[in-house]
Structure formats: structure tokens, C-alpha cells
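Peer 1: I would like to see how this sequence folds:
(one chain, ligands or ions: 1)
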Amino acid sequence: MGRGIVIAIDGVVSAGKSTTARLLASQLGYRHLDTGAMYRALTLAALRAQVAPVADAALEALLSRLRIDLEPDGRVLLDGEDVSEAIRQPEISRAVGAYADLPLVRRAMVGQQQRLGAAGSVVAEGRDMASAVFPQAELKIRLVADLEERARRRFSELRTKGLAISLEQVGADIRRRDQQDLERDYGASSPTGVLEVDTTTLSIEEQVAHLAALARQAGA
Ligand code: DC
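Peer 2: From the prediction side, this is the model:
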């Protein structure tokens, strides 16, 4: 069997990137490169070591000694410790943007991600996948969906977790994060050949089946 392809999945906030990437990877027998988890793990390590989100020697040292492993079963290891739960805490979600915005951090993470993807057979997920990390990927997808639908999905997810929050609040939060993403510059260029997939009217199963068909056409 030949080397599998690289599939880069990017998209707007709450478009279902993670779920889709995870299910697609498992259907194809590929590995799921959850790059958001890597930025989260770095943030956890920095908060624990009290290293501030500024481009200095302390952060540089942390980046060079840090070891992040993404296990095939989805667990995230930080220097061998399972931090899968810890990196999803609100404290990390609040802090991660400040670290992820630093060019020093992005360079280190992008380098590591490219090494992890070099062998192919990978579904790489995150907002700079097509623009900066894998511009040569055989398949580049951008997931989009209407704001109202994204808010409904996120709302029911949070309700299932028992969080007391209104649909309006969820919608406002997504709108704010959309705006932040627009103001950020994740990659050098606008990549060519990105297929936009609108998931507004698709169930998660339909979404994954559609991407799996595109992946097969692209050589998976
Ligand atoms: O997708 P997520 O919520 O797990 O991502 C966590 C944070 O990391 C979020 O602030 C966006 C950022 N991120 C990034 O800057 N580049 C990526 N490739 C993936 C995530």
C-alpha cells in the first residue's frame, strides 16, 4: 500500500471541525492531528510553569523542552502525562489565544505538525492547516455553516453538559470569536484549491460521508 494522503481541515468557529476530523480519520484508518490540542497542551505547560505569553527566553526554553504526544486513541500527553481533560478546562480556553498568537509559538508548533504529517495518512485539523502548515495537502477543506445553526449546535452541546447558558449568549460568543479570527493572520497566503463545504443543513454523519467521498476522489 502506498503512502496515504494529507487532508487539511480548516473552518469557522463551531463548524464541527473536531468531530468531523476525528470521525473521518477513524473511517479512513488515518491519524487525527488535532492541532488545537497541541496549542492547549503548550498553554497548560506554560501556566503550570508560570511562563507568560511573551516572546522571551523562558517561553523559548519551555518550547524547546516540551514534549506533546497525540496518541492514536485521542489522548493528549504532556511529557508523558495524560492531560486530555485538563486542556479542555475553561481556564485553558481563555488563555490559549495569547500563546497561539505569538509567532515564536506558531513556528515551533507548525514545525512539529509538519513533521507529524510528513508520513501522510493524516487528517490535520486547525485554522491554519491549508494556509501555513500543509499548503501542499492533497485535500484542503474549509467547513462553514450559518451562525444561527452553529449557535444551536453549540447550545445543545453545552446543555447536554449541564451548563446554564442562553442561545443568545452562545450566538454572541460565536460572533465575537468569528470576529477575532478575521482579525488574526494565521498564514502567509490565501491557499489555492480549498474546497468550501457548507454544513448548515448536514448531519454529522452526512458531513463525514461527504468528506470521505472527497477524500477517496483525492486518492485516500
Ligand atoms: O480548536 P481548539 O479550540 O482546540 O483550539 C484551541 C486554540 O488554539 C484556539 O484559540 C485556536 C488556536 N489554534 C490555532 O491558533 N491554530 C491551530 N492550528 C489550532 C488552534
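
Peer 1: which parts of the protein sit against the ligand?
Peer 2: Proximity of the chain to the ligand (Cβ under 6 Å from any ligand atom) is limited to residues Thr35, Gly36, Tyr39, Arg40, Val96, Gly97, Ala100, Gly126, Arg127, Asp128. From N, CA and C alone the C-beta is placed, and that goes for glycine too.

Peer 1: which members of the residues you listed occur in helices, if any?
Peer 2: Thr35, Gly36, Tyr39, Arg40, Val96, Gly97, Ala100 (DSSP state H).

Peer 1: now the second one. Nearest residue, chain neighbours left out?
Peer 2: The spatially closest residue to Gly36, leaving aside those adjacent along the chain, is Gly126, at 5.6 Å (Cβ to Cβ, 6 or more residues apart in numbering).

Peer 1: and the first one, by the same measure?
Peer 2: What sits nearest to Thr35 in space, not counting adjacent residues and going by Cβ to Cβ, 6+ apart, is Gly126, at 3.4 Å.

Peer 1: next, count neighbours for the one you found.
Peer 2: 28 (other Cβ atoms under 10 Å).

Peer 1: now swap in Gln114 and tell me
Peer 2: Per other Cβ under 10 Å, the neighbour tally for Gln114 reads 14.

Peer 1: chain neighbours aside, what residue packs nearest to it?
Peer 2: Leaving aside its chain neighbours, Gln114 sits nearest to Val133 (6.2 Å; criterion: Cβ to Cβ, 6+ apart).

Peer 1: ok, back up a step: now do the same for the residue nearest to Gly36: its pLDDT.
Peer 2: Gly126 carries a pLDDT value of 94.

Peer 1: same check on the one 3 residues further on?
Peer 2: At Met129, the model reports a pLDDT of 94.

Peer 1: quick one, phi/psi of the closest residue to it other than its chain neighbours?
Peer 2: Leaving aside its sequence neighbours, Met129 sits nearest to Ala8 (Cβ to Cβ, 6+ apart; 3.8 Å). Per-residue torsions, Ala8: phi -100, psi 120 (degrees, to the nearest 10).

Peer 1: tell me the contacts of Ala8?
Peer 2: Neighbouring residues of Ala8 by Cβ atoms under 8 Å, 6 or more residues apart in numbering: Ala124, Met129, Ala130, Val133, Phe134, Ala137, Leu139, Lys140, Ile141.

Peer 1: show the model's pLDDT score for it.
Peer 2: Model confidence at Ala8 (pLDDT) stands at 97.

Peer 1: could you count how many residues lie near Arg152?
Peer 2: What Arg152 shows, counting by other Cβ under 10 Å, is a neighbour count of 16.

Peer 1: could you do Arg3 as well?
Peer 2: Arg3, neighbours per other Cβ under 10 Å, totals 10.

Peer 1: same check on Arg175?
Peer 2: Neighbours around Arg175, by other Cβ under 10 Å: 13.

Peer 1: downstream of the strand or helix carrying it, the next helix or strand is which one?
Peer 2: Here Arg175, judged by DSSP states H and E, is contained in helix 167-183. The first helix or strand that comes after helix 167-183 along the chain, using DSSP H and E, is strand 194-198.
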